[in-house]
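In: Here is the input, now give the coordinates:
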Amino acid sequence: MKTVAVFPGEAFDRLRRCWDGLAALESVQFRAADDVRDPCSDALIAVNVPLSVAEEATAAGKRTFAFVSAKPMLGALAGEPVQFTRSSFLDPILRGRRLQDSSVPLNCPWVMLVTEPLAAKGDTPVWSRVRFQGEAADLVAYPAPECVESPYLFPHCRSGAFMRLLPLIHFLREVNGGAAWRRPPVRACFMLDDPNLHWGSFGFVRYRRLVASARKHNYHVAFATVPLDAWFVHQPTAKLFRENADRVSLLIHGNDHTREELARPRSAERCLQIAAQALRRTETLEKCCGFGVARVMAAPHGSCHAEMAAAMLRVGFEAACISRGSIMYSNPAEQWPATVGLTPAEFLGGGLPTIPRFALTDKCHTEVILAVFLGQAIILVGHHQDLNDNHRTLETLAGFINDLPGARWTNLEAIARSNYWLSTADDVLRIRTYSRRWDLSVPEGVRHIVIEPAWQRESGRPDRVQVGREGQATPLTLDGDRYSMDAQGSRALWVSHLAERHEDHRTVAAPPVTLWPLVRRLLSEGRDRLQPWLSSRSDARASSGGPSGKGSGVLDRTT
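Out: Just a heads-up that it's a prediction; the model follows:
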C-alpha cells in the first residue's frame, strides 16, 4: 500500500475525515508531514501552500499534488463549464469532456507556468501539471475538500461541484499505478418504473416500437414491474421480451406498490412476509412469461427502510436500485461512511447492496461521466411519460453513452453481478466486492484469491459464502474481514454470499390479504394507460384554442 504525506501536519488533522475516506476509496495510507521532503512517503499532498512549496517538493523527487494558496476568487468564471484537455495524463473518460461545475476557482499565480494543462474554465487553467527540476506537480485552483458542513465526500464530487475532489482521486490512482483498483467496464441501462406485460403497450411505451429503437440505436431498457401484476401476461409481449433479451428485461418494483410500501417502519416479521411474497409472485410471473426477472428491487417512490432491506437480504434479493439521496433520506439514523455516494453500491440492512441511479433527462451528461469515473453503472431512471417524445431522449442519450470507451448495455442482474473491483500483485488477485452474487474470469498467472466484501466491516456479520467452479460449490470461511482461496487453475468462478440468517421465501407466511392494493393498482394502471389518449385530447384542444385541461390532476405522476 502506497503512503501519501500531507503537508502541513495541521492540514492532515483538520481534514482527517477527508483522508480517511480517500484511504478507504483508493487503498492508500496518509500520514502527517512537517517536511515536504518526507522520506517515508511515496507522494505528497500540499494544502494551501505557496507555489514555492510545490517546487521544493518536486525538486526533491517527490510526486506532488498541491492546493496552492491564492486570492481573490474568480467569481466571473463560476458559470463557465470545466473543459478537460486531451492530455494523455488524463483518464480516458475525461479527455475532451466539457462538464458542469459552478464552484468558483481561485486566482492562482501559476497560470503562466503551465507545462501540461489538464482542465480550464474559459481561458484560465484550473488544473495543470507543472514540471520543475525533478518530479511533476499537479496544481489545482480550488481549496481542498473539507468535510465540515457535511461529513461526506460526495458534495465535492457531483454535478456542479467536482473540481475539489476529482483531481485528487485522479492523482491517488496515478500514485497507486498498477496496484490501483481496476473498476468494472462502462455498463449502462435505462430503467422505467411501473410497466407490466398485460398488453403490448403501457402508457407511452409501445414495446415493439421500443425494441426496434433499442436495436437500431444500441441501448437496453429494464422495466421495474410490480409483482402484484403477475396475475396475467400477454403472451405476444412475453415472446417479444424472450426474443430480445439483449434489449429489454424486467426487475422487481415493490410488492403491492402501495404508499411508502418499503419505506414505512414495520416489524421484522411483516417485512419478511412482504419480501418473500414479492419473490413468490415474481416466480409466478417467470413461469407465465418464460424468462427470468432480476432479483433486484427498484423501490417504489425511491424509498426503502433498513429493516425492509434486511428482510430482502434474508430471502435472497441480490440488490436494490435506489439513489444515494433517497436511501440517506429514508434512513436518517444510519451511520454512513465518508465515501457514501462514491462507490458502486451502498449497503442497507446489514449488507444489501443498493446500486445508485439518477434521473433520466437530456441534461445528465456530467452525472454520466462522473459515474463512469467512479466505477458506477449508468442507470437512468424514468417513467413511461418520458417516452412521449417517441424515444428521442433515449436515442440521444444512447448515442452519447455509446461513444464512451468500452460501453456496453445490459440488464440489472448483470450490473448487480459485476460490481466489484480488482487489484493484482504478483500471483495474488484481490477483489473488493459490492455484489452478493458475482461471476469472475480469473486472469492468467493468478494462484491465490482474496475476497473483501465491502459491507463486512459495516455489518460485522459473517456471510455464508460459496464458490462454484467446475460444477462444484465449496464453502469459504471468513478470515478477519476477508475470505481467501486458492485459484487451483480455475478460470471461471461464481461466488455467492448468503445472509447468515437466510430464509427460504417459499416457506414464509403471506401478509394479511386486503383488497385496497389491488384496487389502487388497477386505478393506477388505468390512469397510465389512458394518459396518451388524454394527452392527445389535451393537445388537440390547445391547438384549437379550447381548454387545455391543465391542472386536472389526472396526469400527475404518483409513482
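In: Break the chain down into its domains, please.
Out: In terms of domains, the chain is parsed into 3-179, 187-416, 420-506 (source: automatic domain parsing).
In: tell me the most buried of those?
Out: Mean neighbours per residue, mean count of other C-beta atoms under 10 Å, is largest over these for domain 187-416, with a mean of 20. Using the backbone N, CA and C atoms, a C-beta is placed for each residue, glycine as well.
In: quick one, phi psi at residue 337?
Out: phi -70, psi 160 (degrees, to the nearest 10).
In: quick revisit: need the domains of the chain in a markdown table (columns: mean pLDDT and distance to residue 515).
Out: As requested, the domains of the chain are exported to a markdown table (pLDDT from 0 to 100; distance: least, C-beta to C-beta, whole Å):
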| stretch | mean pLDDT | distance to residue 515 |
| --- | --- | --- |
| domain 3-179 | 88 | 43 |
| domain 187-416 | 96 | 11 |
| domain 420-506 | 85 | 24 |
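In: Just tell me which of these ends up closest to residue 535.
Out: Closest to residue 535 of those, according to C-beta to C-beta: domain 187-416, at 6.9 Å.
In: circling back to that earlier point, please name whichever of the domains of the chain is nearest to residue 534.
Out: Going by C-beta to C-beta, the one of the domains of the chain nearest residue 534 is domain 187-416, 10.5 Å.
In: so where do the helices sit in the chain?
Out: Applying DSSP state H to the chain gives helices spanning 9-14, 16-26, 51-59, 166-176, 207-217, 235-243, 268-289, 306-315, 324-330, 365-373, 392-402, 412-416, 456-459, 516-543.
In: returning to that earlier point: nearest to residue 520 among the domains of the chain would be which one?
Out: Among the domains of the chain, domain 187-416 sits nearest to residue 520 (C-beta to C-beta), with 6.4 Å.
In: distance between the closest one and the chain's centre?
Out: 12 Å (C-alpha atoms, centre = their mean, to the nearest Å).
In: Equivalent analysis for stretch 174-194, please.
Out: Distance, centroid of stretch 174-194 to centroid of chain: 8 Å (C-alpha atoms, centre = their mean).
In: repeat for stretch 409-423
Out: Per C-alpha atoms, centre = their mean, the centroid offset for stretch 409-423 relative to its chain is 11 Å.
In: Now do that stretch: distance from first to last residue.
Out: Stretch 409-423 stretches 24 Å from its first residue to its last (C-alpha to C-alpha, to the nearest Å).
In: can you check stretch 308-325 too?
Out: Stretch 308-325 end-to-end distance (C-alpha to C-alpha) = 18 Å.
In: Provide a list of residues in contact with residue 70.
Out: 106, 107, 108, 109, 141 (C-beta atoms under 8 Å, 6 or more residues apart in numbering).
In: Dump the residues you listed to JSON lines, plus distance to residue 501.
Out: Listed next are the contacts of residue 70 as JSON lines, based on distance: C-beta to C-beta, whole Å:
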{"residue": "106", "distance to residue 501": "53"}
{"residue": "107", "distance to residue 501": "58"}
{"residue": "108", "distance to residue 501": "55"}
{"residue": "109", "distance to residue 501": "60"}
{"residue": "141", "distance to residue 501": "52"}
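In: give the contact list for residue 394.
Out: Counting by C-beta under 8 Å, 6+ apart, residue 394 touches 190, 213, 214, 217, 219, 221, 386, 387.
In: Let me fix that, I meant to ask about residue 277.
Out: Counting by C-beta under 8 Å, 6+ apart, residue 277 makes contact with 227, 255, 508, 510, 511.
In: now those residues in a markdown table, with distance to residue 291?
Out: A markdown table is the format used below for the contacts of residue 277 (distance: C-beta to C-beta, whole Å):
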| residue | distance to residue 291 |
| --- | --- |
| 227 | 16 |
| 255 | 21 |
| 508 | 25 |
| 510 | 25 |
| 511 | 27 |
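In: And residue 373, how close does it get to residue 67?
Out: Distance of residue 373 to residue 67, computed by C-beta to C-beta, to the nearest Å: 20 Å.
In: How about residue 150?
Out: 19 Å.
In: Then residue 185?
Out: Residue 185 is 32 Å from residue 67, by C-beta to C-beta.
In: Could you do residue 206 as well?
Out: According to C-beta to C-beta, residue 206 stands 53 Å off from residue 67.
In: still on that earlier bit, from the contacts of residue 394, which is closest to residue 350?
Out: For those, the nearest to residue 350 is residue 190 (30.5 Å; C-beta to C-beta).
In: and that closest one, what does it touch?
Out: 219, 220, 221, 222, 360, 380, 381, 382, 394, 397.
In: so it bridges to which residues?
Out: residue 221, residue 380 (DSSP bridges).
In: Kindly report the same for residue 121.
Out: residue 82, residue 124.
In: wait, doesn't it sit right on residue 104?
Out: No: between residue 121 and residue 104 there is no contact under C-beta atoms under 8 Å: 9.4 Å.
In: what residues are shared contacts of these two?
Out: In contact with both residue 121 and residue 104: 74, 77, using C-beta under 8 Å, 6+ apart.
In: Which stretches in the stretch 51-200 of the chain count as strands?
Out: Taking DSSP state E, counting those that start in this stretch, the strands of the stretch 51-200 of the chain run over residues 63-68, 82-84, 98-99, 116-121, 124-131, 136-140, 187-194.
In: got a markdown table for these, with distance to residue 315 too?
Out: Shown next, in a markdown table, are those (distance: least, C-beta to C-beta, whole Å):
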| stretch | distance to residue 315 |
| --- | --- |
| strand 63-68 | 46 |
| strand 82-84 | 45 |
| strand 98-99 | 41 |
| strand 116-121 | 47 |
| strand 124-131 | 47 |
| strand 136-140 | 47 |
| strand 187-194 | 22 |
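In: Those strands: which one's closest to residue 319?
Out: That would be strand 187-194 among the strands of the stretch 51-200 of the chain, by C-beta to C-beta, at 12.9 Å.
In: now the closest one and helix 207-217, what's the angle there?
Out: Put simply, strand 187-194 runs at 160 degrees to helix 207-217, going by axes from the mean of the first three to the mean of the last three C-alpha atoms, to 10 degrees.
In: circling back: show me the one of the helices of the chain that comes nearest residue 492.
Out: Between the helices of the chain, helix 412-416 lies closest to residue 492; by C-beta to C-beta that is 15.5 Å.
In: What is the closest one packed up against?
Out: strand 187-194, strand 248-252, strand 296-297, strand 319-321, strand 352-355 (3 or more C-beta pairs under 8 Å, 6 or more residues apart in numbering; DSSP states H and E).
In: Residue 7 and residue 54 touch, don't they?
Out: No: Residue 7 is beyond contact range of residue 54, at 10.0 Å (criterion: C-beta under 8 Å).
In: Please identify every residue contacting each of the two.
Out: What both residue 7 and residue 54 touch, as defined by C-beta under 8 Å, 6+ apart, is the set residue 46.
In: mind listing what the nearest residue to residue 261 once chain neighbours are set aside touches?
Out: Using C-beta to C-beta, 6 or more residues apart in numbering and skipping residues adjacent in sequence, the residue nearest residue 261 is residue 254, 4.9 Å away. Neighbour list for residue 254: 226, 227, 261, 262, 278, 297, 298, 299, 300 [criterion: C-beta under 8 Å, 6+ apart].
In: need the residues you listed in TSV with distance to residue 346, can you?
Out: Formatted as TSV, the contacts of residue 254 follow (distance: C-beta to C-beta, whole Å):
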residue	distance to residue 346
226	24
227	24
261	20
262	15
278	21
297	14
298	15
299	13
300	19
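In: What is the nearest of these to residue 465?
Out: residue 297 (22.0 Å).
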